[in-house]
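Undergrad: here are the coordinates; sequence isn't available:
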Ligand SMILES: Nc1ncnc2c1ncn2[C@@H]1O[C@H](COP(=O)(O)O)[C@@H](OP(=O)(O)O)[C@H]1O
Ligand SMILES: [Mg+2]
Ligand SMILES: [Mg+2]
Ligand SMILES: [Mg+2]
């Protein structure tokens, strides 16, 4: 018994401390390798991991909501005042942008701090800290979008202090953490935990701390997207979508009001997809649209034309017979909305040469597949998350239900052939 518990302790994948049910499976001389095999993705419950991921993503959503609110209020204020605006006027925004940037008085999407916004780093530090705190393990691995880069330079010190305060304030607001407060060094370390290269062995968390940055700046949709890979496969995913209405966003929705916003989607392999409000309502199981009729299907695509070829999706939609105009929204909120049947198709065709990152799709992919949908590349192959930080794809990503997939793939093939022959 003691031998087995010791073995379990050194096997980093095992976080379940209740060893009793497993003990009878092993003889005294069982090898460490055999134990690892016994905890493959088909037998793990990932219960604790899902709870930790939900907590981390919900707290990060709270942090991002606070920053976005300040951002939008500041924009409104700047419009009534013709004098130059500096970040000092932007309250909590000081924690996410360097004070040296002078803000023009325009829509946030056109201002120069786009490249230097630090809200993603705050969110990444928070998620990284919460996961490590909730799931102590010798082999914590995180593949995440941001790094601590310029926060380690002299010029980044003020920003780092402010990020640290923002993270600490958010942790404090939860009340369940025993740590008194994180230091700036803790924050840098938490951010840099995200440097892992991922891969096909062991466990890797995959994080996009703010997905849909452009939507975030515009006051539109964005998501905190967190997934867990086990042996290269996505085994759980969480999407926090602070601005997504709790009711359907489909064009024919009967709901007149989209006032109530803030959705948390979560999915575990083999256990379906659930949605609850970020305020903590009880979770409800969701399912993708079951429509077989493309005329009834509504189609999602990126808001940003730079992220996806709108002309190509419009050609595909026409061939398929989709009638409604495309619904353009930012971030993996598209996957969330699709998982509850708001739309039936999501098309993403980046411009030539763009390489998709795993954190832009891992959580969204399991949220849709566990809700009964299908996610493939343009050739119909499943997405492969085991190859490191990037996805190796055949031109684009397509998402729909099982019934529409064959005709969608055909329309995609025909449209791509036409596009290629016209070049
Ligand atoms: N040229 C490009 N083509 C396709 N995707 C791009 C892109 N430039 C950035 N992206 C990715 O598109 C994501 C947003 O997706 P969407 O268009 O669905 O809102 C961005 O995530 P971040 O906002 O996390 O950087 C970014 O990773
Ligand atoms: Mg992203
Ligand atoms: Mg991002
Ligand atoms: Mg980015």
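TA: Right, received. Where do you want to start? Keep in mind that this is a model prediction, so the values were computed, not measured. Ligands and ions are numbered 1, 2, ... in the order given.

Undergrad: By proximity to ligand 1, which residue of the stretch 101-250 of the chain wins?
TA: Taking C-beta to the nearest ligand atom, ligand 1 has its nearest neighbour within the stretch 101-250 of the chain at residue 213, 3.6 Å off. C-beta: built from backbone N, CA, C; applies to glycine.

Undergrad: Go ahead and confirm that residue touches residue 222.
TA: Yes - at 7.1 Å, residue 213 and residue 222 qualify as touching, with contact defined as C-beta atoms under 8 Å.

Undergrad: ok so, going back, what's around the residue of the stretch 101-250 of the chain closest to ligand 1, how many residues?
TA: When counting by other C-beta atoms under 10 Å, one arrives at 18 neighbours for residue 213.

Undergrad: pLDDT wise, what is it at?
TA: For residue 213, the pLDDT comes out at 92.

Undergrad: Would you mind measuring from it to residue 420?
TA: 31 Å (C-beta to C-beta, to the nearest Å).

Undergrad: repeat for residue 306
TA: 21 Å.

Undergrad: Same check on residue 68?
TA: 41 Å.

Undergrad: Pick out whichever of the two has more residues nearby.
TA: Neighbour totals were compared for residue 68 and residue 420, and residue 68 leads with 24 against 9 (other C-beta under 10 Å).

Undergrad: The more buried one contacts residue 262, correct?
TA: No - using C-beta under 8 Å, residue 68 makes no contact with residue 262, being 11.8 Å away.

Undergrad: Which parts of the stretch 51-200 of the chain are strands?
TA: In the stretch 51-200 of the chain, the segments counted as strands under DSSP state E, counting those that start in this stretch are 85-86, 102-103, 142-144.

Undergrad: avg pLDDT for stretch 351-359?
TA: Per-residue pLDDT values over stretch 351-359 give a mean of 96.

Undergrad: does any part of that stretch sit near ligand 1?
TA: Yes - applying C-beta under 6 Å from any ligand atom, one finds stretch 351-359 touching ligand 1 at 351, 354, 357.

Undergrad: Contacts for that stretch next, please.
TA: Stretch 351-359 has contacts (C-beta atoms under 8 Å, 6 or more residues apart in numbering) with 143-145, 198, 206-208, 211, 225, 227, 306, 309, 350, 385, 388-391, 393, 397.

Undergrad: Recalculate using a threshold of 7 Å.
TA: With contact meaning C-beta atoms under 7 Å, 6 or more residues apart in numbering, stretch 351-359 is reached by 143-145, 198, 206-208, 225, 309, 350, 385, 389-391, 393.

Undergrad: For that stretch, buried residues please.
TA: 356, 357, 358, 359 (16 or more other C-beta atoms under 10 Å).

Undergrad: How many residues are close by residue 155?
TA: 11.

Undergrad: and the nearest residue to residue 201 once chain neighbours are set aside, how many residues sit next to it?
TA: Of all residues not flanking residue 201 in the chain, residue 231 sits nearest, at 6.5 Å (C-beta to C-beta, 6 or more residues apart in numbering). Residue 231 has 16 neighbouring residues, counting by other C-beta under 10 Å.

Undergrad: surely residue 231 meets residue 200?
TA: Yes - between residue 231 and residue 200 there is a contact at 6.3 Å, judged by C-beta atoms under 7 Å.

Undergrad: Look at residue 133 and say how many residues are nearby.
TA: 17.

Undergrad: That one and ligand 2: what is the separation?
TA: According to C-beta to the ion, to the nearest Å, residue 133 stands 24 Å off from ligand 2.
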